[in-house]
Every structure is written in C-alpha cells, then in structure tokens.
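**Student:** got a predicted model here, sequence first, then my questions.
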Amino acid sequence: MNGPAAAQDVFREAGLTVFERGWLSSNCVLFADPQRGPAVLIDSGYASHQEQTLALVRAALGGRRLERIVNTHLHSDHCGGNALLQQTYGCAIDVPVGERAKVDTWDEALLSFRDTGQQCPRFHCSGVLLPEQTIVLGGRKWRVIAAPGHDPESIVLYEPELRVLISADALWQNGFGVVFPEIEGVGAFDVVRTTLKRIAELPIDWVIPGHGAPFSDVPGALDRALTRLDSFVAAPARHTRHAAKVLIKFHLLEVRVKARPELMAWMQATRYMRLLHALDTAGVAFETWAGMLIDDLIRSGALRIENDRIFDA
C-alpha cells in the first residue's frame, strides 16, 4: 500500500492552509477557498503575535471577510488573536461548550490566563462546539471529538474522507501539551491515555498539530506520546518540573529578556508556579527552587544569561 499523499495535495483538497507558527503561538488553519463556503480560522495564536496573525489572514483572504473562528481550546496561545480578528471582521467565534460561561463572564482565573501569567484580550463568544457534532469547513464535514487531558474542554477536528486530524495540543509529533489539570491536583494522566487511544482508533494520514509541522507518521507519534506519558505516570515529579519549565520558557518567548530578579518575581506572582513548587518540593524555599529551574534551562540551552539578564535562546 502506498503512503499518504503529499501534505500540500491533501490540504488543497481539504481547502485549508496551515500557518505554522513559532512555539509561542499555536498553528492556525485557515479555510479560505471562496468556492467552498465561508472563510473560517481554526485557532488564532498568542496575543503578542496578533498583528502578524491578522496580516497572514488578511493576505490569504484577499479582501474577503473572515466569517468565523473555531477554537480547539482556550489556552492563551490558541485564542490570543481572537479579539483583534473579531474587531476587524466582526466574525463569529465558537468555543468548546464547557468554555462558554467562562468567556461570557470573562473569568480570567477560570480561563487560566491569570494562573499561567499569560495574556489574552477579551473577545465575545457566538456559539459552542459539542462533542460528536459535525461542522462544515471548506465544504467538507469535520467531526468534533472531545480530547481532554491537556485541557479538560479541548476538542480535535477530524475529516474522515481525507483522513486529516487537527489535533491541537492532544498530539504533537513528539508528545503532547502540559497536562494542566495535574497542576491543580486533579489526576488526568489516565484521561490523556484515553484521548491518545481514541486518536489511535481513527484512520489518519495527516495530523496538523497545535505546534510544529504537520506530520504523517501517526503510529510513531502515538508511540512517542505514550512513552512520554508512561514516564510521567512513573515519576510525576518529572511532569511537574517539565510544566514549570514550559511556563518559564513560554514567558521568555513572549518578553524575550528579563532581569533575573524580575523573572523570579513573575514566577512568585504566578499561581501555577506556586502550585508546581508545592507539588515538586519538600521544604525547599521557592527562591531556591525557582533558581534551580532557571539554571537548568540555561544549561540546556533553552535560555541564556548575560550580566544577570535572562534571554530566550
């Protein structure tokens, strides 16, 4: 049997364009073919890149109107461009059903923006996405599939004829997103495993992940994800430290440089960092723990230091 067709051919047939973003901003998937229905964007990147997102969408649409944004979940790196796009185009925004009330009241704690020390301008929700619902994108029927684990409300989108999965942060080529419920003390590793198994049951030729390039080696990606999950289950502290380092790296991706004392102060002020400290240590002072994480990131090459100023690397 031949392997999957080339990505550009499959994506052209699906009527979609992938904007592969740097790791701070999620990938955006745009359905823009005027012969295939209204223009729809899946996820919108991080707030600090909202002008870039708007420019990419505007260039691709060529004067057409963006009608709708569909969010796979509401972490700030997936919905940070929503507000500007909505202001520009007046577009509708659909979110997973469990997020609707949080958006309507704009509760930044429940939406995780405050707890992660991240930002997202306020936008307005027009509709919701229900598990097992079918939505039409680019003239094709896409299935909405619940994919909790990384986020309890996360969904993925699947097109069965072309065998394409828009996987958000449920599956990457080399893993999956931080399991945020675990930070809150809610066991979710088994939920991640269930989601991965559900993805494994789908006939898939191409995955468009939330971060990184689209890929076709789905069995390999699932094996790597399950191996990573097993390592977290065997040693939960490994996930705890990983999550803390991800939040630090994400913050430096945004601000680019910060004096070490200011970075330490941001960590102390960020609720998830305090929760991770409590999970990871037995009597080690927060400042000591935070300093060890920063030093680990510097040694690994993820950050660099010059005269007590910490830079993204």
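**Tutor:** Good, I have the coordinates.
**Student:** buried residues, whichever strand in the chain runs longest. List them.
**Tutor:** With DSSP state E applied, the strand covering the greatest number of residues in the chain is identified as strand 140-146. With burial defined by 16 or more other Cβ atoms under 10 Å, the residues of strand 140-146 counted as buried are 140, 142-146. Backbone N, C-alpha and C define where each C-beta goes, glycine included.
**Student:** contacting residues around Leu165?
**Tutor:** If you count contacts by Cβ atoms under 8 Å, 6 or more residues apart in numbering, Leu165 has them with 156-159, 171, 199, 202, 204, 206-208, 218.
**Student:** name the member of the residues you listed with the most neighbours.
**Tutor:** Leu171 (30 neighbours; other Cβ atoms under 10 Å).
**Student:** what about Asp9, how many neighbours?
**Tutor:** Per other Cβ under 10 Å, the neighbour tally for Asp9 reads 11.
**Student:** I'd like to know how far it sits from Arg304.
**Tutor:** 41 Å (Cβ to Cβ, to the nearest Å).
**Student:** care to break this structure down by domain?
**Tutor:** The record, using automatic domain parsing to delimit domains, assigns the chain the ranges 7-233, 236-312.
**Student:** which one of these has the most crowded surroundings?
**Tutor:** domain 7-233 (a mean of 19; mean count of other Cβ atoms under 10 Å).
**Student:** elements contacting the top helix by length along the chain?
**Tutor:** With secondary structure taken from DSSP state H, the chain has its longest helix at helix 236-255. Secondary structure elements in contact with helix 236-255, counted by 3 or more Cβ pairs under 8 Å, 6 or more residues apart in numbering; DSSP states H and E, are helix 180-183, helix 218-234, helix 260-269, helix 271-280, helix 286-300, strand 303-306, strand 309-312.
**Student:** which stretches of this protein have low pLDDT?
**Tutor:** When residues are selected by pLDDT under 70, those of the chain lie in 1-3.
**Student:** sorry, back to before: now, the contacts of Leu165 that are in strands?
**Tutor:** Filtering these for membership in strands, criterion DSSP E, returns 156-159, 206-208.
**Student:** that's all I had, so thanks and see you.
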